[in-house]
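>>> quick one: sequence and predicted model below, then my questions.
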Amino acid sequence: KKRVAILISGGGSNMVRLVEDMADPDHPAEPVLVLANDPAAGGLEKARALGVPTAVVDHRPFRGDRAAFEAALQAELEKARPDIICLAGFMRVLTEGFVRKWQGRMLNIHPSLLPKYRGLHTHARALQAGDVEHGCTVHEVTPELDDGPILGQARVPVKPGDTPETLAARVLRQEHRLYPAVLRRFAAGDRTPVMLD
Ligand code: GAR
């Protein structure tokens, strides 16, 4: 099986869905590490409850020294020896040097239909633009932020009266379908995009 490390910053609902899907004995991958940049990340407890090893590299003591922070991340990853890294609500921007080490082996989920709305506040921006549909994307991580080959997308309608919160909740339900579907394919060596409605 392919060894998967999942990087999180918060609640980790996408991480939970990936780990649950990998519980299938026929899955081509297995979770070997959940790594957080915040000791208060709610996903850490959920990972432990699911029996997945966890580690924390708190970014704050590094005071903006990204290279040193990433060296510490790299050290944890080298211990776990993942074949694939899944960023799942990991809210630190990674430098080109780190990304290049893992390029072709690192995935990210982003809450918009890329190439629209790279970066933050994607739901508010989709509403502001008057979009009638929105969604989420899983892509390979390349040095440019929220760029890189698209491995899957799922769409949702924007509904009258939506707020960023109601729209985010609708998108998150699709993230929970999309990311496990993409990881299954990717771990089996298939990069054909998964397109969900
Ligand atoms: C998800 O909506 C994910 O797409 C987003 O953060 C949320 C994490 O939720 N990621 C980004 O915005 C990355 N820039 P989760 O912790 O419950 O999976």
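In hand now; what should we look at?

>>> other residues contacting stretch 137-153?
Stretch 137-153 is contacted by residues 87, 93-96, 99-100, 102-104, 106-110, 112-115, 118-119, 135-136, 178-179, 181-182, 185-186, 191, 193-196 when judged by CB atoms under 8 Å, 6 or more residues apart in numbering. All C-beta spots, glycine's among them, are computed from the backbone N, C-alpha and C.

>>> which among those end up buried?
Neighbour-count burial (16 or more other CB atoms under 10 Å) applied to these gives 87, 94, 99, 102, 106-110, 112-114, 135-136, 178-179, 181-182, 185-186, 194.

>>> measure how buried residue 144 is and give me the count.
By other CB atoms under 10 Å, the residues close to residue 144 number 10.

>>> so who does the closest residue to residue 131 other than its chain neighbours touch?
Spatial nearest neighbour of residue 131, chain neighbours left out: residue 158 (5.6 Å); criterion: CB to CB, 6 or more residues apart in numbering. Counting by CB under 8 Å, 6+ apart, residue 158 touches 126, 127, 131, 132, 133, 134, 167.

>>> what is the burial count for residue 172?
Residues lying near residue 172 (other CB under 10 Å) number 18.
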